[in-house]
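1. Kindly return the folded structure for what I paste below:
(2 chains)
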There are 2 protein chains.
Amino acid sequence: MNIILASTSSLFGGQYLDYIKDELVKLYQGIDEILFIPFARPSGITHDEYTVIASEFFQKINIRVRGLHKFQDMAKAIDDSKAYFTGGGNTFLLVKMLYENKLMHLLKKNVESGKPYLGTSAGSNIGGLNMKTSNDMPIVYPPSLECMGLVPFNINPHYLDPTPELKHNGETRETRIKEFLVQNNTKVVGLREGNWVRRIGNKITVEGLHLTRIFEQGKEPYEVKSGTEID
Amino acid sequence: MNIILASTSSLFGGQYLDYIKDELVKLYQGIDEILFIPFARPSGITHDEYTVIASEFFQKINIRVRGLHKFQDMAKAIDDSKAYFTGGGNTFLLVKMLYENKLMHLLKKNVESGKPYLGTSAGSNIGGLNMKTSNDMPIVYPPSLECMGLVPFNINPHYLDPTPELKHNGETRETRIKEFLVQNNTKVVGLREGNWVRRIGNKITVEGLHLTRIFEQGKEPYEVKSGTEID
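-> Alright, predicted model coming up:
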């Protein structure tokens, strides 16, 4: 496999995908067109609007972008494509669309065959075992929360450290992930913004600007450096 | 009906349920024992541990608390009880437990018959039409997201205004609710901590320390004062 699962598409104040541009050039080496999966619809924008945003970035590295929603036969579009990018937004909406169109397993099969895959945020959640560590609001009800399992753990994108100065009693991210671990014996990789998971063949590493925080049942959470191999 | 759906159980730095004590005395007037529904398990604590926390508060106002999990026949316990309190925690877990034990509709029927109901956080989410505006992590997969509909709208508890100084690209609460409204034509009542919804008979008001922010499809969000009647 040849995949990147990134915490976010943009750093605070930064341009879309700019911080990870060099990595994307390597990921998509030899590819001149990718299939964009726009179903997560951040802020509720349309599939067309979202595809324009992705296209504008990929133009800079000479890659053409086609939106999956434009194809009459979406299954065939997935099989015919050489590489993929699933953008962020709402993971519930993304997973519901993929299941309703019978595309989740098909996408998995194609990525497992070696075609490059990039996910950001919701698009990274679906690379994990399931979407049970998504941060998103359950605005729709998908037929399942199981995902592609391109890596043998779950992703928590936009991982956010507690902010003690915030006088608010909503749960911290860490509390939420610990609640998940009471119910599930599944490793969770908390990706701070600017970090990503890289898989090349069978080798999986965490990469990026910050330490990555990892949560496992029955253990204290721990931090690993960029470049560390995980499984 | 006679219900309170509160944003939170505790204000920042405050004691459990303390800020709303006077209201609870009125809600449960003439009641000496309530049934506590501990299924949301905040921070993954046990049902027993959670019931102790609730009991300790209600002791102060001379009300005995029994945990629903202690009953062999939970349906009968609901029918036999004179009043209810559902505590906060993880809404997905709470809703899954209620459905799996066939209690969601039964609780609704009893509350609609006039028995007092208090919900905090997740316990307030289930008083709305559905839990699609919960803030919680989908740590388990409930068989449905539909809830009791004790009020004709959805609740967003712990409503949090955007914090511009936070250099983080995760979605703001407002963005999430707007994504919900693209998919659903359902009013959302954003309850800041310290606010609650009060229903007495057919009259529904918002109450508490702050303005309440209301979201509807095709409208700009707007704010209403404590005491305002809503529908």
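2. For the rest of this, base every contact and every neighbour count on C-alpha atoms.
-> Noted.
3. What are the buried residues along the helix or strand hosting residue A:77?
-> According to DSSP states H and E, residue A:77 maps onto helix A:74-80. By 16 or more other Cα atoms under 10 Å in any protein chain shown, the buried positions in helix A:74-80 come out as A:74-75, A:77-78.
4. So residue A:64 versus residue A:74, what's the distance?
-> 18 Å (Cα to Cα, to the nearest Å).
5. Same check on residue A:9?
-> Separation of residue A:9 from residue A:74 (Cα to Cα): 24 Å.
6. Distance of residue A:137 relative to chain B?
-> 6 Å (Cα to the nearest Cα, to the nearest Å).
7. repeat for residue A:73
-> 24 Å.
8. Residue A:89 too?
-> Residue A:89 is 8 Å from chain B, by Cα to the nearest Cα.
9. what's the closest non-adjacent residue to that residue?
-> residue A:42 (3.8 Å; Cα to Cα, 6 or more residues apart in numbering or on different chains).
10. which phi and psi does the one you found have?
-> Main-chain dihedrals, residue A:42, degrees, to the nearest 10: phi -60, psi 140.
11. Can you pull the residues of chain A lying near chain B?
-> A:8, A:10-12, A:42-44, A:90, A:131-141, A:144-145, A:158, A:167-170, A:175-180, A:182-184, A:193 (Cα under 8 Å from any Cα of the partner chain).
12. change it to 7 Å
-> A:11-12, A:43-44, A:132-135, A:137-141, A:145, A:158, A:167-170, A:175-176, A:178-180, A:182 (Cα under 7 Å from any Cα of the partner chain).
13. Next up, phi/psi of the residue of chain A most remote from its centre, please.
-> Largest separation from the mean C-alpha position in chain A: residue A:167, at 30.3 Å (Cα atoms, centre = their mean). Backbone torsions of residue A:167, given as degrees, to the nearest 10, read phi -90, psi 70.
14. what helix or strand does the residue nearest in space to the middle of chain A sit in?
-> By Cα atoms, centre = their mean, chain A has its centre lying nearest to residue A:124, at 1.2 Å. Assessed by DSSP H and E, residue A:124 sits inside helix A:122-125.
15. Quick one: distance of whichever strand or helix holds residue A:22 to the chain centre.
-> Here residue A:22, judged by DSSP H and E, is contained in helix A:21-27. Its chain's C-alpha centre and that of helix A:21-27 lie 16 Å apart, by Cα atoms, centre = their mean, to the nearest Å.
16. now for the helix or strand just after that helix, which elements pack on it?
-> Sequence order places strand A:33-37 as the next helix or strand after helix A:21-27, per DSSP H and E. When contacts are defined as 3 or more Cα pairs under 7 Å, 6 or more residues apart in numbering or on different chains; DSSP states H and E, strand A:33-37 packs onto strand A:64-67, strand A:84-86.
17. most packed of the ones you listed?
-> strand A:84-86 (a mean of 24; mean count of other Cα atoms under 10 Å in any protein chain shown).
18. What lies in contact with that strand?
-> Residues outside strand A:84-86 that contact it (Cα atoms under 7 Å, 6 or more residues apart in numbering or on different chains): A:34-38, A:116-120, A:123.
19. Give me the sheet partners of that strand and which way each runs.
-> Using DSSP bridges, the strands paired with strand A:84-86 are strand A:33-37 (parallel), strand A:117-120 (parallel).
20. And the strands in chain A, which stretches?
-> For chain A, applying DSSP state E gives strands covering A:2-6, A:33-37, A:64-67, A:84-86, A:117-120, A:154-159, A:188-192, A:195-200, A:203-208, A:212-215, A:222-224.
21. looking at those, which is closest to residue B:211?
-> Nearest to residue B:211, of all the strands of chain A, is strand A:154-159, at 29.5 Å by Cα to Cα.
22. On the strand side of things, show who the nearest residue to the residue nearest to the centre of chain A once chain neighbours are set aside bridges to.
-> The shortest distance from residue A:124 to any non-neighbouring residue, by Cα to Cα, 6+ apart, is to residue A:5 (4.7 Å). Counting by DSSP bridges, residue A:5 forms beta bridges with residue A:119, residue A:197.
23. sorry, back to before: now, among the buried residues of helix A:74-80, which is nearest to chain B?
-> Using Cα to the nearest Cα, residue A:74 is the member of the buried residues of helix A:74-80 that lies nearest chain B, at 21.9 Å.
24. export the lengthiest helix in chain A as PDB, just CAs?
-> Ordering each helix of chain A by length in residues (DSSP state H) puts helix A:47-59 first. Taking C-alpha atoms only, helix A:47-59 is exported to PDB below (Å, rounded to 0.1, in the frame of the first residue of the first chain):
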ATOM      1  CA  HIS A  47     -19.700  18.300  -4.200                       C
ATOM      2  CA  ASP A  48     -18.800  20.600  -7.100                       C
ATOM      3  CA  GLU A  49     -17.600  23.400  -4.900                       C
ATOM      4  CA  TYR A  50     -15.500  21.000  -2.900                       C
ATOM      5  CA  THR A  51     -14.000  19.500  -6.100                       C
ATOM      6  CA  VAL A  52     -12.900  23.000  -7.200                       C
ATOM      7  CA  ILE A  53     -11.000  23.500  -4.000                       C
ATOM      8  CA  ALA A  54      -9.100  20.200  -4.400                       C
ATOM      9  CA  SER A  55      -8.500  20.900  -8.100                       C
ATOM     10  CA  GLU A  56      -7.000  24.300  -7.500                       C
ATOM     11  CA  PHE A  57      -4.300  22.800  -5.200                       C
ATOM     12  CA  PHE A  58      -3.500  19.800  -7.400                       C
ATOM     13  CA  GLN A  59      -3.100  22.000 -10.500                       C
END
